[in-house]
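**Student:** using only what follows, build the 3D model:
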Amino acid sequence: MRKSTLTRKLFLRIAPVVVVAIMVIGAFAFNSATREINNIYDAQLINDANVLWRLLHYRLKHSLDRTPQQVDDIDFSMDNQLAFNEDADDYADAHMFRAWVNDKIMYYSSTAFPPEVPYQKVGFTDLAYKGENWRVYSLPIPDSGIIMEVGEKISLRQTLVSNILLNLFFPLLILVPVIGFLIWLGIRSGLRGIYGLVYQIRTRSPDDLSAILVEDLPRDLLPLGRSINHLLEKLGRSLTLERRFSDLAAHQLRTPQASVKLLLQMLDKSDSEQERKPIIADLVASNNRAMHLIEQLLRLARVSHHPLNLMPVSLYGLIASTLADFGKIISSRGLDVSLEGAEAAQVRTDESLLQVMISNLLDNAIKYTPVGGRIEVMVSPEAGYWLISISDSGPGIPEEEREAVFKRFYRLDTLHAEGAGLGLAIVADTAERLSVSVALSTPPWGNGLRVELRLPRD
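**Tutor:** Numbers count the residues shown, from 1 in each chain. Prediction:
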């Protein structure tokens, strides 16, 4: 199924609002027109009643003994110019008047109500007669017993309102599509910045991670453009680090592989079992170094791509179980290892990544501490943090190199123990992912290395 475009979605949201707004405006216009027309026609009825009184006042005052008289209609013949107005006769039929003297009709129009219909109350009255609704105005003449009564059909007013609405409706039928087209053009023009942004990204090569141009973007799209540039910048740094890491990893793996190849050639040329034994021992050691390097590389990759699974973790219990894993090598080297501190310490973190970080630090401490040396692990509270400190009595790290040792494949020239230079790099990457701060210092006894981890309690 083809997905709808952003232009279409915006149009389908804006167009109904415009149509509803036009309908609401039309409803208000209808009510306003009806009210104004009623006011005008009511004013005309008042004026008609006063005009009739001025025309008939003399006759009405001297007609006490006369019989009722009907005022004849105008003859709409072809010789009369009024006959050219086809609506004039209908207009005349929609009006009526009656002149009352002492509760008796004296003058009336041909369209007037019969005498059986009494005169209406003073002012305006709505009256239904023979299926027609009428608007009637009664004007009493003070101290005379005379009432002037005029009326018109309400349908006359409704017809006028309908005609006005029809005259507005047909232009709107043409105007609405025009408005819709202009809205469509406006949306397309407004989205031009997004189309330009999409074009810049689509036409790039896979290796082009340079920043996109954001100067011409609308203010609303500037955060999007800047976020994309920030992402491209991070991707560029990440790819640079990955390429550098790949190059260094290939270089590091080449050395043990070359050593294995050389030892295999020597093993092939050896003539006696006495010559083969040291070669095989060196071959095993070289293979172990390669395996250790591969394991460290896999750990580093796992730290970089492992999804976080946060859960409550007991720090004391995790460190104790990790130390138990190193129990055999600790015993064989006669190391004095102690774990002290808050056994109830607990944080919400990723247990597997935290275990990788602590395992690497303990592995380094055991590896570089001389036989019979000392390793001290402490878990203690700080303001808002849990502090894990791992101190050893090994050769330590000079202060000027304590920042560089966190780089990948960096090794100190003063250390002679076997290693790939990835242990502290793994610690640094893991600490960044878990929001843990790492600091290096010297233990209280004056020699060796002290590593401090600060984990947020929340």
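**Student:** helix or strand: which one has the closest residue to Met357 other than its chain neighbours?
**Tutor:** Nearest non-adjacent residue to Met357, counting by C-beta to C-beta, 6 or more residues apart in numbering: Thr430, 4.2 Å away. Where C-beta positions appear, they are placed from N, C-alpha and C, glycine not excepted. Element membership of Thr430, judged by DSSP states H and E, is helix 423-433.
**Student:** now for the helix or strand that comes right after that helix, which elements pack on it?
**Tutor:** Next in sequence after helix 423-433, counting helices and strands by DSSP H and E, comes strand 437-441. Contacting strand 437-441 under the criterion 3 or more C-beta pairs under 8 Å, 6 or more residues apart in numbering; DSSP states H and E are the following elements: helix 423-433, strand 449-456.
**Student:** strand 437-441 vs helix 423-433, what angle?
**Tutor:** Interaxial angle, strand 437-441 versus helix 423-433 (axes from the mean of the first three to the mean of the last three C-alpha atoms, to 10 degrees): 140 degrees.
**Student:** so what angle separates the directions of strand 437-441 and strand 449-456?
**Tutor:** Angle, strand 437-441 to strand 449-456, by the same axes, to 10 degrees: 160 degrees.
**Student:** what segments of this structure are strands?
**Tutor:** 69-71, 95-101, 104-109, 123-129, 132-141, 146-153, 310-314, 336-341, 346-350, 374-382, 385-392, 437-441, 449-456 (DSSP state E).
**Student:** need the CA coordinates for stretch 268-277. CSV is fine.
**Tutor:** Provided in CSV are the C-alpha atoms of stretch 268-277 (Å, rounded to 0.1, in the frame of the first residue of the first chain):
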residue,chain,number,x,y,z
ASP,A,268,58.5,-28.9,11.0
LYS,A,269,62.3,-28.7,10.8
SER,A,270,63.0,-30.1,14.2
ASP,A,271,64.6,-33.5,14.4
SER,A,272,64.2,-34.6,18.0
GLU,A,273,61.6,-34.6,20.7
GLN,A,274,63.9,-32.5,22.8
GLU,A,275,63.8,-29.8,20.2
ARG,A,276,60.0,-30.0,19.7
LYS,A,277,59.1,-29.5,23.4
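**Student:** show residues contacting it.
**Tutor:** Defining contact as C-beta atoms under 8 Å, 6 or more residues apart in numbering, one finds that stretch 268-277 is touched by Leu267, Ile279.
**Student:** so which of the helices and strands packed on strand 437-441 is nearest Phe28?
**Tutor:** Phe28 sits nearest to strand 449-456 of all the helices and strands packed on strand 437-441, at 60.4 Å, using C-beta to C-beta.
**Student:** could you pull up the mean pLDDT of that closest one?
**Tutor:** Mean pLDDT, strand 449-456: 92.
**Student:** returning to that earlier point: looking at the strands of the chain, which one has the lowest mean pLDDT?
**Tutor:** For the strands of the chain, where the average pLDDT is lowest is strand 69-71, sitting at a mean of 82.
**Student:** what lies in contact with stretch 51-59?
**Tutor:** Contacts of stretch 51-59 (C-beta under 8 Å, 6+ apart): Phe97, Ala99, Met106, Tyr107, Leu139, Ile141, Ile146, Met148, Val150.
**Student:** show me where pLDDT drops low in the stretch 151-300 of the chain?
**Tutor:** The stretch 151-300 of the chain contains residues with pLDDT under 70 at 241, 244-259, 286, 289-290, 292-300.
**Student:** for it, which segments count as helices?
**Tutor:** All helices of the stretch 151-300 of the chain, identified by DSSP state H, counting those that start in this stretch, fall at 154-190, 192-202, 222-269, 273-305.
**Student:** could you dump these into a markdown table with distance to Pro398 added?
**Tutor:** Formatted as a markdown table, those follow (distance: least, C-beta to C-beta, whole Å):
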| stretch | distance to Pro398 |
| --- | --- |
| helix 154-190 | 61 |
| helix 192-202 | 47 |
| helix 222-269 | 23 |
| helix 273-305 | 23 |
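**Student:** tell me which of the ones you listed sits nearest to Phe124.
**Tutor:** Of the helices of the stretch 151-300 of the chain, nearest to Phe124 by C-beta to C-beta is helix 154-190, at 11.5 Å.
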